[in-house]
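Enquirer: Have a look at this prediction, sequence included:
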Amino acid sequence: MKLETNRAGILKRMQSDYECFIPHNLKELKLDIDDQLQSLINKAYLLLGRLDGMAITLPDIDLFVSMYVQKEAVISSQIEGTQASLIDVLQKDRNNEKIKDTEEIVNYIKATNYAFKRLEELPLCMRLIKETHSVLLSGVRGNEKSPGEFRKSQNWIGYTGCTLNTASFVPPSPEEMEHSLSDLEKYIHEDSSISNLIKTALIHYQFETIHPFLDGNGRMGRLLIVLFLKERGLIEYPVLYLSYFFKKNRNRYYELLNNVRIKGEFEEWIKFFIEGICEISEDAISSIQKILKLKRIDMEKIRNIPKGNISSLLLVYDYLLKHPFLETEDIRLLSDLSKPTVNKLLETLTELEILELVEEKKRYKQYVYKKYVDILSEGTIL
């Protein structure tokens, strides 16, 4: 790795005869924010406000947040090589083929929920980040790589089999890492004239550059985005799945992160990041609108049935929104209804084109609320 400028940091030669990158304190950074970038930032604030306002007014906010967190968890984990889709996660109790991959995604969901809950008690600090990382890697791939602990050895990024001297990027040494993390924590909390959206972009870049864990840095870095936005009051709920944008533009994402280090191109990275905020905010708003419309149409279908157990059908429909894949036995466990009654309810929902039959076995039938799943799973199919 050769630097064209020292704007972002310096290379330091270590005793073991390799060079690592030491990022400068973000506090010292001077940015050139032109009118075009400022206009983009203003647009991002408006869209984030609209998204968060729409989320707050939803009648089933916990349901929507749960689904959006699952979507972000799936895509963020896919970036790291996890071979599971949102459909696999929704079917996790019925699909053993991808159990390890879905467990990693479930951990990401748990980590997100844990971190948002802890933000009610703690500021966004390194302690909270380590605790969240411990939840993220608990019992899954990477569990042997010190979950919840910052690394005490040198790591590096590059092709399989590369060494410290042939790696494409070598983060700061453990000693330098501690200084960099301390500076980052102070930067997170200090008030400045810099836009919080710009700070979010810079914090994500700096965390990825420091790479403080032996595993899980990418997922933690992306989770850090919504945690900072939450702490600064820009979002109330984790409904911004920015990993979708990073996944679609994966090569550009890594290229721009590297260009900051090598060429000092902070402004290009910030522009890309803010474009992602705008695009994903618009996408999330559109998804909410589609789901609300679908729910309104399908509930109207149920209420307009001339004869039928409408209250029981609505009970099943409410269950569907939380568990869009279901079997006959799921509804029997949910209620005191007999098997023939449950079968009749599911047949009615199928006739109304709300449910689709996925699989029919001798002892059970599996159904899916496909229109709902299709909206949610956009961008998560491998």
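Expert: Looks like it arrived, so ask away.

Enquirer: can you tell me how far the residue sitting nearest the centre point of the chain sits from residue 269?
Expert: The chain has residue 72 as the residue nearest its centroid, 3.1 Å off, counting by Cα atoms, centre = their mean. Between residue 72 and residue 269 the distance is 21 Å, computed by Cβ to Cβ, to the nearest Å. (Each C-beta comes from the backbone N, C-alpha and C, glycine too.)

Enquirer: Same question for residue 334.
Expert: Residue 334 sits 48 Å away from residue 269, taking Cβ to Cβ as the criterion.

Enquirer: Neighbour count: these two, which is higher?
Expert: Higher neighbour count among residue 334 and residue 269: residue 269, with 21 against 15, using other Cβ atoms under 10 Å.

Enquirer: neighbours around the residue nearest to residue 360 when sequence neighbours are not counted, how many?
Expert: Nearest residue to residue 360, sequence neighbours excluded (Cβ to Cβ, 6 or more residues apart in numbering): residue 366, at 7.8 Å. Counted with other Cβ under 10 Å, residues neighbouring residue 366 total 17.

Enquirer: Could you tell me which residues make contact with the closest residue to residue 90 other than its chain neighbours?
Expert: Ranked by Cβ to Cβ, 6+ apart and with sequence neighbours excluded, the top spatial neighbour of residue 90 is residue 325, at 5.4 Å. Neighbouring residues of residue 325 by Cβ atoms under 8 Å, 6 or more residues apart in numbering: 87, 90-91, 94, 358, 366-369, 373.

Enquirer: please redo it, this time with the cut-off set to 7 Å
Expert: Taking Cβ atoms under 7 Å, 6 or more residues apart in numbering, we find residue 325 in contact with 90-91, 94, 366, 368.

Enquirer: name the element the residue nearest to the centre of the chain belongs to?
Expert: Following DSSP states H and E, one finds residue 72 within helix 61-79.

Enquirer: List the buried residues of that helix.
Expert: Of the residues in helix 61-79, 64-79 count as buried by neighbour count, 16 or more other Cβ atoms under 10 Å.

Enquirer: And that helix, how far out from the chain middle?
Expert: Here the centre of helix 61-79 is set off from its chain's centre by 6 Å, with Cα atoms, centre = their mean, to the nearest Å.

Enquirer: So for it, mean pLDDT?
Expert: Mean pLDDT, computed over helix 61-79, is 80.

Enquirer: Residues contacting it, please?
Expert: So helix 61-79 is in contact with 55, 58, 84-86, 89, 104-105, 108-109, 112-113, 218-219, 222, 237-239, 241, 243-244, 246-247, 250, 284, 288, 321-322, 376, 379-380, 382, going by Cβ under 7 Å, 6+ apart.

Enquirer: go on, stretch 17-27?
Expert: Counting by Cβ under 7 Å, 6+ apart, residues outside stretch 17-27 touching it are 1, 8-14, 154, 164-165, 169-173, 176, 180, 183, 187, 202, 206, 209-210, 261.

Enquirer: filter the residues you listed to the buried ones?
Expert: Of the members of these, the ones counted as buried by neighbours, 16+ other Cβ under 10 Å, are 8-9, 154, 164, 169-173, 176, 180, 183, 187, 202, 206, 209-210, 261.

Enquirer: Which ones among these lie within strands?
Expert: Taking DSSP state E, the ones among these that sit in strands are residue 9.

Enquirer: Let me know the next secondary structure element after the helix or strand containing residue 103.
Expert: Using DSSP H and E, residue 103 sits within helix 99-118. Using DSSP H and E, the helix or strand that follows helix 99-118 towards the C-terminus is helix 126-137.
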